[in-house]
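Novice: Here's a sequence, model it:
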Amino acid sequence: MMKQHDYWNQVAATKQFTTPFQADVFAQYVEPSAQILDVGCGYGRTLHQLATAGFTNLLGVDFAEEMIQRGQNQYPDLDLRVMAPGVLPLATASCDAVILFAVLTCIANDQEQEQLIAEIQRVLKPGGILYVNDFLLNSDARNQQRYQQYKSQHGGPYGVFELPEGAVCRHHDPQWIKHLLHSFTQLEYHPLTFTTMNGHQSNGFYYLGRNK
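Specialist: Take a look at the predicted model:
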């Protein structure tokens with residue numbers, strides 16, 4: 001099993017993220033001048049899309065140095081920074097919106113997901129917007145087999161699995177997502193089918209919530 005940090009550094013130069021960002025929906029709730037934080041921004045694809053659409057106060061953080069380096073080379077006008085796991089490098093109630101794009105899938109542990117959401121809630125202003133895009137459980141034989149295999153070998157929540165390269169990912173029960181985000185007021189929740197970065201089809205969703 002490869003550490004997540006090592007995996008994302010290793011694939012930073014080659015992986016293309018494919019799941020769509022719902023920019024039009026996001027723009028219905030967030031002003032172009034809003035302070036927006038992209039947590040786990042990778043190489044900055046989503047922030048580049050927002051910048052192209054006229055959003056101006058954008059910050060991206062990621063723990064993978066190679067991802068940030070790629071983003072700085074590819075989109076030199078973006079503010080992308082390396083972030084150590086844990087506390088976000090921002091003051092309490094300093095952000096109008098936070099984006100969490102295919103980040104929960106990289107966190108297998110329930111408690112670590114809850115800690116991240118609590119930290120996001122800390123940096124969001126009251127009434128601030130959280131946008132989440134991630135993966136849901138699948139019922140096909142290939143996914144069920146790897147969910148069961150990982151659970152029997154390692155324990156933990158159903159839906160966790162290992163990629164052939166060794167990284168650990170997670171697909172989520174919709175009820176867990178509802179629990180995880182219960183402290184936000186739900187504005188949008190839409191199940192979708194995504195093409196993954198490895199070219200497979202997967203159930204997924206996007207969500208927008210307002211910080212209470």
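Novice: Okay, Gln144 and Asn109: tell me how far apart.
Specialist: Per CB to CB, to the nearest Å, Gln144 is found 21 Å from Asn109. To be clear about C-beta, it is placed using only N, CA and C from the backbone, and glycine gets the same treatment.
Novice: how about the helices in this structure?
Specialist: For the chain, helices defined by DSSP state H occupy the ranges 4-11, 23-29, 45-52, 65-74, 110-123, 141-154, 174-180.
Novice: Pull out the CA atoms of the fourth one and give them to me as PDB.
Specialist: Extracted as PDB, the C-alpha positions of helix 65-74 are listed here (Å, rounded to 0.1, in the frame of the first residue of the first chain):
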ATOM      1  CA  GLU A  65       4.400  19.200  -3.900                       C
ATOM      2  CA  GLU A  66       4.600  17.900  -7.500                       C
ATOM      3  CA  MET A  67       0.900  18.700  -8.100                       C
ATOM      4  CA  ILE A  68       1.400  22.300  -7.000                       C
ATOM      5  CA  GLN A  69       4.600  22.500  -9.100                       C
ATOM      6  CA  ARG A  70       2.700  21.300 -12.200                       C
ATOM      7  CA  GLY A  71      -0.100  23.800 -11.500                       C
ATOM      8  CA  GLN A  72       2.400  26.700 -11.100                       C
ATOM      9  CA  ASN A  73       4.000  25.800 -14.400                       C
ATOM     10  CA  GLN A  74       0.700  25.200 -16.200                       C
END
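Novice: just how off-centre is that helix within its chain?
Specialist: Chain-centre distance of helix 65-74: 17 Å, with CA atoms, centre = their mean, to the nearest Å.
Novice: average model confidence for it?
Specialist: Mean pLDDT, helix 65-74: 93.
Novice: Please apply the same query to stretch 143-162.
Specialist: pLDDT averaged over stretch 143-162 gives 93.
Novice: quick one: contacts of that stretch?
Specialist: 1, 108-110, 137-138, 168-173, 176, 202 (CB atoms under 8 Å, 6 or more residues apart in numbering).
Novice: rerun at 7 Å
Specialist: The contact list for stretch 143-162 (CB atoms under 7 Å, 6 or more residues apart in numbering) reads 1, 108, 110, 137, 168-173.
Novice: among those residues, which are in strands?
Specialist: Among the contacts of stretch 143-162, the members falling in strands (DSSP state E) are 168-170.
Novice: Can you flag the buried ones in the residues you listed?
Specialist: 168-170 (16 or more other CB atoms under 10 Å).
Novice: got CSV for these, with pLDDT and distance to Leu59 too?
Specialist: Below are these laid out as CSV (pLDDT from 0 to 100; distance: CB to CB, whole Å):
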residue, pLDDT, distance to Leu59
Val168, 90, 27
Cys169, 91, 26
Arg170, 96, 26
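Novice: picking that back up, looking at the helices of the chain, which is closest to Lys212?
Specialist: Of all the helices of the chain, helix 110-123 sits nearest to Lys212, with 8.7 Å by CB to CB.
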